[in-house]
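Student: coords please:
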Amino acid sequence: AIGHIALKLLVYSESISGAVRRANAKKTLKKQEQADKAKASKNKKGEEDEEDGIEAQLGVAAEIEAENERRAADISENEILGRGLIKNFSPLLIRVVGNEGGKFSSGTLRQSAALALCKFMCISSSFCEENLPLLFTALMRAPEHDTTLRANIVVALGDIAFRFPNETEPYTPRLYERLRDSSTKVRRHTLMVLTHLILNDMVKVKGQVCEIAMCLCDEDLRIRDMSRLLFHELSKRSNNPIYNLLPDIISQLSHQSLKREDFRNIMSFLLGFIKKEKQNEMLVEKLCQRFSKCDTISQKGDLSYCLAQLKVNEKSIKCLNDNFKLYKDALFDEDVKK
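Tutor: Numbers count the residues shown, from 1 in each chain. Have a look, this model is predicted:
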């Protein structure tokens with residue numbers, strides 16, 4: 001309840017700020033109309049003076065609006081959590097979420113405290129930045145059976161990341177880790193949050209995209225469908241980020257303990273998004289260069305499979321011929337040869 005009250009205060013302060021902004025905009029518009037009329041009828045010196053006076057008023061109005069914006073930001077950043085009764089609850093929530101001294105073993109208590117703390121963190125960027133390490137530690141150390149606590153924190157982190165993306169950006173890899181959680185519920189919530197953030201450009205997809213690719217073979221049907229949907233949406237973008245991400249995905253997946261069938265199902269799906277001939281040619285070149293970086297014959301087999309899925313033209317064949325020395329030592333393997 002205390003976290004909800006704090007959010008209501010934020011909403012109220014922002015609604016007051018919005019009302020003031022609209023009122024000022026209405027006044028400014030009226031003065032601007034007067035200025036336009038004055039410009040249209042420049043016949044007398046007095047009218048020119050009046051025009052100058054209106055323009056000066058418009059400048060003052062802009063300064064007043066900027067000051068109002070600053071005050072509204074100061075209220076959310078410093079006033080709501082920095083002063084008054086609500087401020088006194090912050091230390092208590094921090095102690096409960098961190099399970100200080102192992103005194104707070106009640107699951108319901110920790111779940112409620114974590115939600116309240118997350119709501120506090122949605123209000124102030126400084127408070128958010130200060131307590132993000134605590135929240136991720138609580139997420140990592142949450143009891144195995146307490147899937148509700150982990151799922152609630154993951155969902156709340158989505159809201160926090162949307163409001164304060166710069167503060168949460170360094171912790172993005174730790175959010176991706178939840179895609180390997182033992183709980184289907186937590187994995188599903190994590191993928192849902194990441195999908196929302198990625199498609200709204202709040203989180204960079206590069207780097208940990210391999211974790212999402214592995215969801216294509218998750219045991220849960222809804223997780224598989226959601227990850228397919230995410231890649232479909234990414235493929236619709238003009239720059240087709242999947243093409244740029246594929247080399248890293250292939251490299252990272254090759255180092256995972258994936259079944260060969262799972263790897264090939266994932267890559268068959270992703271390579272299906274490569275439609276342009278130029279992209280096919282570039283991928284052939286990039287994949288050939290990665291043969292020299294492979295540590296095992298199975299990794300070379302994975303690369304060979306990916307090459308086999310691409311549409312080959314004259315330039316691609318020339319590239320394969322020019323780079324023959326990079327993969328010739330692996331041709332003894334039947335899987336690579338195929």
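Student: which residue packs closest to the residue most central in space within the chain, ignoring adjacent ones?
Tutor: Most central in the chain under Cα atoms, centre = their mean is V203, positioned 2.5 Å from the mean C-alpha point. Nearest residue to V203, sequence neighbours excluded (Cβ to Cβ, 6 or more residues apart in numbering): L197, at 4.0 Å. For glycine as for every other residue, the C-beta is placed from the backbone atoms N, C-alpha and C.
Student: C288 now?
Tutor: In space, and not counting its chain neighbours, C288 is closest to N323: 3.9 Å by Cβ to Cβ, 6+ apart.
Student: now do the same contact list for that neighbour.
Tutor: By Cβ atoms under 8 Å, 6 or more residues apart in numbering, the residues touching N323 are 285, 288-289, 291.
Student: switch those over to a markdown table; also include pLDDT.
Tutor: As requested, those are exported to a markdown table (pLDDT from 0 to 100):
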| residue | pLDDT |
| --- | --- |
| E285 | 86 |
| C288 | 83 |
| Q289 | 83 |
| F291 | 79 |
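Student: any chance of the residues you listed in TSV, with secondary structure and neighbour count too?
Tutor: Listed next are the contacts of N323 as TSV, based on DSSP: H, G, I helix; E, B strand; the rest coil; neighbours: other Cβ atoms under 10 Å:
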residue	secondary structure	neighbour count
E285	helix	15
C288	helix	19
Q289	helix	13
F291	helix	20
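Student: between those, which is nearest E77?
Tutor: Distances from E77 to the contacts of N323, taken as Cβ to Cβ, are shortest for Q289 (49.0 Å).
Student: low-confidence ranges in the stretch 151-300 of the chain?
Tutor: By pLDDT under 70, the stretch 151-300 of the chain has no low-scoring segment.
Student: do a quick rundown of the helices in it.
Tutor: Taking DSSP state H, counting those that start in this stretch to define them, one finds helices in the stretch 151-300 of the chain at 165-168, 172-176, 184-199, 209-214, 221-235, 241-254, 260-271, 277-289, 297-309.
Student: winner for burial among these?
Tutor: With neighbours defined as mean count of other Cβ atoms under 10 Å, the helices of the stretch 151-300 of the chain peak in mean count at helix 209-214, which reaches a mean of 23.
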